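K.L.:
Starting from these lines, generate the structure:
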Amino acid sequence: MIKKLQSLHDYVKKNYEAGKYDASANEYKQWTEDYQAAATTSGHADDDSDYDMGYQQSMTDHDHGFSFRNYPEAAIDFGNLVSGNRMHEVADFIKGYNAAKKDIVEKTQ
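P.N.:
I've put the predicted structure just below:
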């Protein structure tokens, strides 16, 4: 097992030193910068509803070229039901996110 780990280490080190991971590192850095910029410029106030924040997040994801997220809406609704409505903020956020996703998809068709 130690020999396999050493072999894996050597393989990764060789490829790293050859610069084979530079493109991935640059893409990750760009994605991180874009995501942080989107988070700081989303412009939502603390009094925005959870639905509005979900809607805005979906719009931001689309505007920055990110893939839409797939939230487990049915599972959250069920959790909300059995927890005495303690997950309503999450449920509302997901409803807003999915509503914006639907609006964007309809506009692009």
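
K.L.:
what about this structure, any weak spots by pLDDT?
P.N.:
Along the chain, the parts satisfying pLDDT under 70 run over 39-47.

K.L.:
longest single helix anywhere in it?
P.N.:
Counting by DSSP state H, the longest helix found in the chain is helix 88-108.

K.L.:
Got the domain ranges for the chain?
P.N.:
1-41, 45-109 (automatic domain parsing).

K.L.:
Mean neighbour count added to those, as JSON lines?
P.N.:
C-beta: built from backbone N, CA, C; applies to glycine. Shown next, in JSON lines, are those (neighbours: other Cβ atoms under 10 Å):
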{"stretch": "domain 1-41", "mean neighbour count": "10"}
{"stretch": "domain 45-109", "mean neighbour count": "15"}
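
K.L.:
Okay, helices next: where are they in this protein?
P.N.:
Under DSSP H, the chain gives helices at 2-17, 22-40, 50-63, 73-82, 88-108.
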